[in-house]
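J.: The amino acid sequence is not available; the structure is as follows:
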């Protein structure tokens, strides 16, 4: 493959890492906003970060289409480019979900918190750790770390089940809390989805390195 | 901003009464690689041969229109080639052909200097050595041949011979280098080395490459001109033409529906 291809592939990698950094920062901002009751951070996510990610998504998509059209990559290069295309879509969804979470938290910020809401930062911490490790596994091609991320999806799922149960009890006991509880439910649903997307990224890394989809691997074994 | 080095206006060329290319208008960007692509017989090579006045060497060949070359040596920004000595034109617009063609009776060293020898330009030994080393280095051939400079050019492999021919063209320090399907006679590894070399060379020279290989046009060029039945159908950035051509014929050619 020519130097132009290698240069462009390197720019593509830099762009996806830049996108990853913004997405990771968005979740960190949510955690900090919850801990410090800082609505400005939430507003930054809604007004600026999501748009930044969206414009990078378009730029990366265009780069990938040009790379495929001009250089017809094969084998490892092809796997890597196709997975970056998928990961790019995953980051777009994570940014969208983070923005939704920020909007929901903004509405809850002025009211006294419900007990299950206190578990949300913990759930977010577990999610951001998955996202961070999936990004590291991508940049370092560390397949063991990618497998580890896939295993940790259950932890976030358990948080969500636990919070949902608590919310259900609250709603049964006091119908005035239904609306607030539903908002928290929406937040946890979006966090769980972010964890799923982090898992997808880790699975894509496994495919880049090993050349086999993890789901195919599981069904074989 | 457009920084063109070579501009053609209403260029037409024919053999006998057969029109090969007609009314081509095109500007080539300085230190960029432009690929001319199109199906067999579309006039790619004829266009290239017009650019350094080789077309007119063919009996019954006619050329009309203007070919304007930016010149730093002249006070004028452009010189009109039709009023210029073809030998001078070929010193400023070098050409490399489909098949490697080192002079079989000359050594590798002499082959690099062939442009000077044929033009009767005398060089001091040190100057000649420097030109040979510089240009063999430019084409990444120096390390492979430095101990065999006195051997004939034909002693080299096909890929090495083609790089030697590129060094020979570059030794005259041209402004523009024309490449006529330079890898069509080479194996895949030599092809890749030449493609890498082409990309590297654009820092020093403007390159116009004719290729029937769509993949190669995509891999190496910054701009693409698509010719079909003697007409310039579309010209633009390679990134744009390869992903979103404006013309249906370009689309058909790129997707293999016309060849």
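T.: Now that the structure is in, tell me what you want to look at. Remember, it's a predicted structure, so these values are computed and weren't measured experimentally.
J.: what sits against residue 48?
T.: In the absence of a named chain, chain A is used. If a contact means Cβ atoms under 8 Å, 6 or more residues apart in numbering or on different chains, then residue A:48 has no contacts. Using the backbone N, CA and C atoms, a C-beta is placed for each residue, glycine as well.
J.: nope, chain B please
T.: Residue B:48 touches B:36, B:95, B:178, B:180, B:208, B:210, counting by Cβ under 8 Å, 6+ apart.
J.: where does the spatially closest residue to the second one that is not a sequence neighbour fall, phi/psi-wise?
T.: For residue B:95, ignoring the flanking residues on the chain, the nearest one in space by Cβ to Cβ, 6 or more residues apart in numbering or on different chains is residue B:178 at 4.3 Å. Here the main-chain torsion angles of residue B:178 (degrees, to the nearest 10) amount to phi -100, psi 130.
J.: right, and residue B:178 touches residue B:96 too?
T.: Yes. Taking contacts as Cβ atoms under 8 Å, residue B:178 lies within contact range of residue B:96: 7.1 Å.
J.: of these two, who's got more company?
T.: residue B:178 (27 against 24; other Cβ atoms under 10 Å in any protein chain shown).
J.: That one bridge partners, please.
T.: residue B:95, residue B:208 (DSSP bridges).
J.: Which residue ranges of chain B form helices?
T.: In chain B, the segments counted as helices under DSSP state H are B:44-51, B:86-92, B:108-112, B:114-118, B:125-138, B:142-145, B:158-170, B:188-201, B:214-220, B:238-243, B:248-254.
J.: before we move on, back to that, just the buried residues from the contacts of residue B:48, in ChimeraX please.
T.: Remark: buried members of the contacts of residue B:48, expressed as a ChimeraX selection using 16 or more other Cβ atoms under 10 Å in any protein chain shown:
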select /B:36,95,178,180,208,210
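J.: To what extent is residue A:118 buried, counted in neighbours?
T.: 11.
J.: With residue B:259 instead?
T.: 10.
J.: related to what we said a few turns ago, of all the contacts of residue B:48, which comes closest to residue B:247?
T.: residue B:36 (15.4 Å; Cβ to Cβ).
J.: On the pLDDT front, check that closest one for me.
T.: Looking at residue B:36, its pLDDT is 97.
J.: Grab the nearest non-local neighbour of the residue of chain A found nearest chain B.
T.: Chain B sits closest to residue A:70 of chain A, with a gap of 3.7 Å, by Cβ to the nearest Cβ. Spatial nearest neighbour of residue A:70, excluding adjacent residues (Cβ to Cβ, 6+ apart): residue B:218 at 3.7 Å.
J.: burial measure for residue 156, as a count.
T.: Looking at chain A here, since you left the chain open. 24.
J.: Not quite, go with chain B.
T.: 21.
J.: Who's the closest spatial neighbour of it, skipping the chain neighbours?
T.: Residue B:156 sits nearest to residue B:164 (Cβ to Cβ, 6+ apart), 6.2 Å away.
J.: Give the residue spans of chain A that score low on pLDDT.
T.: A:1-2, A:216-221 (pLDDT under 70).
J.: Close to chain B: what parts of chain A are there?
T.: A:1-5, A:62, A:65-66, A:69-72 (Cβ under 8 Å from any Cβ of the partner chain).
J.: Separate out the buried members of those residues.
T.: Neighbour-count burial (16+ other Cβ under 10 Å) applied to the residues of chain A next to chain B gives A:2, A:4-5, A:66, A:69-71.
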